[in-house]
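# Generate coordinates for the sequence data below:
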Amino acid sequence: PPADRLTAAAWHQIGEVHLAKKDYDRALAVFQTNAARKVVHPETFLRIGRIHYLQGDLAKAEEAFLESVHRWYWDAAGHKALAYVYYQTGRTKDAVRELGDALRVEPGDRDVADALAEIEAGRPLKTK
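The predicted structure follows:
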């Protein structure tokens, strides 16, 4: 079917295939196309951020993760991803805030609770 008929979910799956193959340029192009659509898959900006993160562009990763948090505040994944970028860029207080927000959204997330405890104890956080 023509590209304009593909659903957000279909675009997302195409991007996931390219991402799994580590074809970051193609995956990024697909996710960015999806991001420009009227209906956007909830994980689109997380994937865009992840690609930028993997490519070492933390500023662009942060921008995408912020967009995810603004659009889907109730999704803890955006808060977690943003926290890791903040932590890696030396903004520990912002990282703590985002991890706290992630815990408010998903109170039972042990990984987030553990990461928050590590930061608050002054121990280095293992980044992904």
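# Pull the contacting residues for A35.
Contacts for A35 (CB atoms under 8 Å, 6 or more residues apart in numbering) come out as 44-45, 48, 67. In short, each C-beta sits where N, CA and C put it, glycine included.
# Name the helix or strand for Q32, please.
Taking DSSP states H and E as the definition, Q32 sits inside helix 24-35.
# er, E16 I mean
Assigned by DSSP H and E, E16 belongs to helix 8-20.
# what's the offset of that helix from the middle of its chain?
Centroid separation between helix 8-20 and its chain, computed with CA atoms, centre = their mean, to the nearest Å, is 15 Å.
# Tell me the buried residues in it?
The neighbour-count criterion (16 or more other CB atoms under 10 Å) identifies 8, 11-12, 14-16, 18-19 as the buried residues of helix 8-20.
# Can you tell me which of those residues is nearest Y86?
When these are ranked by distance to Y86 (CB to CB), L19 comes first, at 23.3 Å.
# What is the burial count for the closest residue in space to that closest one that isn't next to it in sequence?
Take L19 and drop its neighbours on the chain: the residue closest to it by CB to CB, 6 or more residues apart in numbering is A27, 4.1 Å away. Other residues within reach of A27, judged by other CB atoms under 10 Å, total 23.
# My read is that A27 contacts H18, right?
Yes. Using CB atoms under 8 Å as the test, A27 is close enough to H18 to be in contact (3.7 Å).
# Report the secondary structure state of V39.
Judged by DSSP: H, G, I helix; E, B strand; the rest coil, the three-state class of V39 is coil.
# which residues does it contact?
Residues in contact with V39 (CB under 8 Å, 6+ apart) are 7-8.
# now it: how far from H12?
Spatial separation of V39 from H12 under the definition CB to CB, to the nearest Å is 11 Å.
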